[in-house]
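Undergrad: below: sequence and its predicted model.
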Amino acid sequence: MLKKCVTINILNYSFLPNNQYHNVFHLREDRSGIPLVDDMELHFLELPKLDDHAAPVESGGLVNWLLFLKGVDKSNWEVLTMNEPVLKKAMDTLEFLSQDAEARRLYEDRQKYLHDEASMIEGALAEGEKRKAVQMALELLKLGVDPAIIVKASGLSEAEIIALKKP
């Protein structure tokens, strides 16, 4: 029932004592090398070890993304995006965020507005649920239902139920 767990560590420094920019580790017994499970995989991507000739850019995939993250010269971006269309969106976002301070401020204001709006909606929903629980508790109290049962049914605390009983 264990789901596969893959960690991807993108490092801007050399960490492992080899020249490979991409290393993959699995859990194995030290002496015999018997794999414990195939459900765990650790990837280490070390940008300093990636030279511009690690693989042809035309091959696409991981190398293009790593070259982008490494900060390859913008003049090579067109070549990278030809074989990696999704990379174009990342580049466009980076360019937008790299614009002048006013553009960044507008972007950040928009993000803040979206987060604030989501928080307000979440708060309003929680308040509505609370009101519904209070209304249900009042109805159950009128019917003479035991407060302990009302606590379980409504999710309100015992103190809240007692407070509702008072005129």
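TA: Looks like it arrived, so ask away.
Undergrad: remind me, longest helix of the protein?
TA: Ordering each helix of the chain by length in residues (DSSP state H) puts helix 101-142 first.
Undergrad: following it, which helix or strand comes up?
TA: Following the chain from helix 101-142 toward its C-terminal end, the next helix or strand by DSSP states H and E is helix 147-154.
Undergrad: and the angle from the longest helix of the chain to helix 147-154?
TA: Comparing the axes of helix 101-142 and helix 147-154 via axes from the mean of the first three to the mean of the last three CA atoms, to 10 degrees yields an angle of 140 degrees.
Undergrad: now for helix 101-142, which elements pack on it?
TA: Taking 3 or more CB pairs under 8 Å, 6 or more residues apart in numbering; DSSP states H and E as contact, the helices and strands that helix 101-142 lies on are helix 85-97, helix 147-154, helix 158-165. For every residue, glycine as well, the C-beta is placed using N, CA and C.
Undergrad: pLDDT of that helix, averaged?
TA: On average, the pLDDT along helix 101-142 is 89.
Undergrad: quick one on the thing from earlier: can you add distance to His115, mean pLDDT and mean neighbour count and give the helices and strands packed on helix 101-142 back as a markdown table?
TA: Shown next, in a markdown table, are these (distance: least, CB to CB, whole Å; pLDDT from 0 to 100; neighbours: other CB atoms under 10 Å):
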| stretch | distance to His115 | mean pLDDT | mean neighbour count |
| --- | --- | --- | --- |
| helix 85-97 | 17 | 71 | 12 |
| helix 147-154 | 31 | 90 | 15 |
| helix 158-165 | 30 | 87 | 13 |
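Undergrad: would you format these as CSV with distance to Glu122 included?
TA: Formatted as CSV, the helices and strands packed on helix 101-142 follow (distance: least, CB to CB, whole Å):
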stretch, distance to Glu122
helix 85-97, 26
helix 147-154, 20
helix 158-165, 21
